[in-house]
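K.L.:
Here is my input, please return the structure:
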Amino acid sequence: MALTKSDIVAKVHELGFTKKKSVEIIESMLDIIKGTLAHGDDVLISGFGKFCVKNKEKRRGRNPATGADLILRERKVVTFKCSGKLRNKINGQHN
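P.N.:
Got it, this is the predicted structure:
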C-alpha cells in the first residue's frame, strides 16, 4: 500500500500541528520542490535522496497498440536517486 499525501498530513498532525497547518506545511514543501524542479534545478534531501531533472532527446518510438513508428519529442523527466542511508535502511542494514 502506498503512502499518500493525506497520510503524510496525518503524520505531521500527530506532531501537534493543527490539521489546517499540517496541510499548509506539506503543500508548501511540495510547491517548493515542484517549483525548483520546474526551474530545472535538482532537489537534494540529505539522508533521503536526490530528485534530478534530465533532458531526454528526440527519438524513434513505436505505438504499442498499433505498432506504428513515431517520433517522440524532446522532453524533461524527473529521476530519483536514493541516498546510501536510505538504501541501507531499505535493505535492513544499519550504519
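K.L.:
Name the residues of the helix ranked longest in the chain that come out as buried.
P.N.:
Looking across the chain with DSSP state H, the single longest helix is helix 19-38. For helix 19-38, a neighbour-count test (16 or more other CB atoms under 10 Å) marks 22-23, 25-26, 37 as buried. In short, each C-beta sits where N, CA and C put it, glycine included.
K.L.:
Tell me how far that helix lies from the chain's centre.
P.N.:
Distance, stretch centre to chain centre, for helix 19-38: 13 Å (CA atoms, centre = their mean, to the nearest Å).
K.L.:
packing partners for that helix?
P.N.:
Helix 19-38 sits against helix 5-14, strand 43-45, strand 49-56, with contacts defined as 3 or more CB pairs under 8 Å, 6 or more residues apart in numbering; DSSP states H and E.
K.L.:
just to revisit the earlier point, arrange the buried residues of helix 19-38 in CSV, one row each, with pLDDT and distance to residue 55 as further columns.
P.N.:
Shown next, in CSV, are the buried residues of helix 19-38 (pLDDT from 0 to 100; distance: CB to CB, whole Å):
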residue, pLDDT, distance to residue 55
22, 97, 36
23, 97, 34
25, 97, 32
26, 97, 29
37, 97, 13
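K.L.:
so how far is residue 27 from residue 35?
P.N.:
Taking CB to CB, to the nearest Å as the measure, residue 35 falls 12 Å from residue 27.
K.L.:
which intervals of the chain have sub-threshold pLDDT?
P.N.:
95 (pLDDT under 70).
K.L.:
ok, 50 please
P.N.:
Scanning the chain for pLDDT under 50 picks out nothing.
K.L.:
Could you chop it up by domain?
P.N.:
Annotated domains of the chain cover 1-40, 42-95 [automatic domain parsing].
K.L.:
before we move on, the earlier item: and the angle from the longest helix of the chain to helix 5-14?
P.N.:
Using axes from the mean of the first three to the mean of the last three CA atoms, to 10 degrees, the inter-axis angle of helix 19-38 relative to helix 5-14 is 130 degrees.
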